[in-house]
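Colleague: Pasting the sequence and the predicted model now:
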Amino acid sequence: MNVNPTRMELLRLKKRTTLAVRGHKLLKQKQDELLRIIQEIISKLSNLRKEIEEELLKALKKFFLARAYQDKKSFEASFLLLDTDIELSMGWKKVMNVPLPEYKKSLQGELISYGFANTSPTLDEALKNLMVVFDRLIELAEMEKRIALLAEEMKKTRRRVNALEYILIPELKAAVRYINMKLSEREREVNSRLMRIKDVIRG
Amino acid sequence: MNRFPKVRTLDTNYAYAAGVVSAKETKLFDSKHLEQLISSKDGRELIAALHDSDYGHFFRQLDSPHRFEETLEDARIELYNEIQDLIDNSELLNVLRARFDFHNITVLLKGKIAEEDFLPYCSRMGTIPLDRLASIFEEERYNRLPDYLKKATEQGIEAYYAHHHNPQLLNIRIDSAMADFLTSNEESDYLRSYYRVWVDVTNLKTILRLFFLNRYKELAEYALLSGGFIASEKILSWKLQESVESLEGFYRGSIYADLLKYRASFSELEKACEHLLLLYIKSVAYESIGVEPIICYLFLKENEIRNLRLIFIGKINGVKDEEIKERLII
């Protein structure tokens, strides 16, 4: 590090070192917390994914069986004019200063807009089940997006921690050591010069 | 009603036609044959297994199992044409094809409301050619429709707009008009009774569905069909509002009482309902004269096509053989 070996510089560098060490400690804590949050989400995520896969399979099976009750045209015609309006909105929530998405689904109208005479009761069950799975899919998407954002933040934090730990702090400490050395050397030089002058005067 | 109404067939006009269908009935798939079809490895093997059946000439041209619906529709069209050749009573044929007409007017009405072309969703099995029906709806000249369809269309439009643009009410109102038409036909006692049993069974299923959807109070008065052996007013006056449990008391002693055993599972309930209808259909299977054996054959063939559809859908979507077998209606 290219520094002026002055007392002012030494004081400035000491302050910077203290700040860097403090920053490093905080960032390390942030990194640990982010890791804890990510691990927590991952443990929930794997269970959720498994449950959704099972529920989706069940709901789809019901849907296929309900589909077999009617011919294709009659089945598709049941969904031609719907009274259902699904809205998906997104908000943000800050965790460790990372903005994380929050998805919210709202359903207006009735999920079932067909008549009862030519459709299968299994279709009602299948649609209700699919709606539940849909809610959970939104939850899954929210978690996956959160993990991606948190992982990105974690990467940035780790880079900063490493930069502080392995580059900035050692460099600052080296610079402080260098200035200290230079200042001591200069002090010794002045001392020896003064002693020499004293000898000359006495001599 | 504690047993099916007795059907007396005295009409000797259909002796030849009845003979023709009794020969055709021998070609219907029995449970063993259907199980063989279910054991096919995939859709392609299923198509190959159908090559030697009565459907061979349709399935030999089919290159992908995913297009099975078009083939089954062709088979149904041929079936209705065959029946048309055997029955020379146009009124009766109208009743048999009426479901497709009601389907078509529902679809075209929805298209009119949505301002989209829904013609591809219309069935080709109705009594009115599709291009004519489409032009009637385009020009809104509903008086060119037969009275029963005109009335249904008007009721559908009225229900839709009177209930805050609710498409379900449109469907329900047209279904009600269809039930009224089917259960009031004078052409065949057997057919009329079949539709009356169908209405009863549909009402029973509808009650359970409305409770499942928590919409009984809101929709029961519109959704229950009239024309059945059990009047919809009688169902509505029964104290069902409190709980669905009291339904058992209502149906006790009727032929529908056993259906309620399956109310915990909609798929089992549906199978039991279809089975009951099939029992009624088969009640004339041994008649040798009259139009009834022809109608019976038509319904049995329709049921067979539905079973084939189930097997195709099951095979394409990887449903287990056992589960397909459980859903077959034989």
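Modeller: Perfect, I can see it now.

Colleague: Write out the residues of chain A neighbouring chain B.
Modeller: By C-beta under 8 Å from any C-beta of the partner chain, the residues of chain A that approach chain B are A:60-62, A:64-65, A:67-69, A:71-74, A:76-78, A:80-83, A:110, A:112-118, A:120-122, A:124-125, A:128. All C-beta spots, glycine's among them, are computed from the backbone N, C-alpha and C.

Colleague: Which members of these are positioned in helices?
Modeller: Residues of those located in helices (DSSP state H): A:60-62, A:64-65, A:67-69, A:72-74, A:76-77, A:121-122, A:124-125, A:128.

Colleague: give me the residue from chain B nearest chain A.
Modeller: Ranking the residues of chain B by distance to chain A (C-beta to the nearest C-beta) places B:Asn171 first, at 3.1 Å.

Colleague: Distance-wise, check the most centrally placed residue in chain A relative to chain B.
Modeller: Central residue of chain A (C-alpha atoms, centre = their mean): A:Leu150, 1.1 Å from the mean position. Using C-beta to the nearest C-beta, to the nearest Å, one obtains 36 Å as the distance from A:Leu150 to chain B.

Colleague: so that residue makes contact with A:Leu35?
Modeller: No - A:Leu150 is not in contact with A:Leu35 according to C-beta atoms under 8 Å; the separation is 9.1 Å.

Colleague: Counting neighbours, which of the ones in helices among the residues of chain A next to chain B end up buried?
Modeller: A:60-62, A:64-65, A:67-69, A:73-74, A:77, A:121-122, A:124-125, A:128 (16 or more other C-beta atoms under 10 Å in any protein chain shown).

Colleague: is any part of the stretch of helix or strand B:Lys234 belongs to close to chain A?
Modeller: Using DSSP states H and E, B:Lys234 sits within helix B:232-237. No - residues of helix B:232-237 are not located near chain A by C-beta under 8 Å from any C-beta, the shortest gap being 12.4 Å.

Colleague: and that helix, what does it pack onto?
Modeller: Where contact means 3 or more C-beta pairs under 8 Å, 6 or more residues apart in numbering or on different chains; DSSP states H and E, helix B:232-237 is packed against helix B:189-212, helix B:216-223.

Colleague: any chance of the ones you listed in a markdown table, with mean neighbour count, mean pLDDT and distance to B:Tyr142 too?
Modeller: Formatted as a markdown table, these follow (neighbours: other C-beta atoms under 10 Å in any protein chain shown; pLDDT from 0 to 100; distance: least, C-beta to C-beta, whole Å):
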| stretch | mean neighbour count | mean pLDDT | distance to B:Tyr142 |
| --- | --- | --- | --- |
| helix B:189-212 | 22 | 94 | 24 |
| helix B:216-223 | 17 | 89 | 22 |
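
Colleague: Report the inter-axis angle for the strand or helix carrying B:Ala152 versus helix B:216-223.
Modeller: For B:Ala152, the enclosing helix or strand under DSSP H and E is helix B:147-162. Here helix B:147-162 points in a direction 150 degrees away from that of helix B:216-223 (axes from the mean of the first three to the mean of the last three C-alpha atoms, to 10 degrees).

Colleague: State the mean pLDDT of the helix or strand following helix B:147-162.
Modeller: The C-terminal neighbour of helix B:147-162 among helices and strands, as given by DSSP H and E, is helix B:167-183. For helix B:167-183, mean pLDDT is 95.

Colleague: Helix B:167-183 to helix B:216-223, inter-axis angle?
Modeller: 40 degrees.
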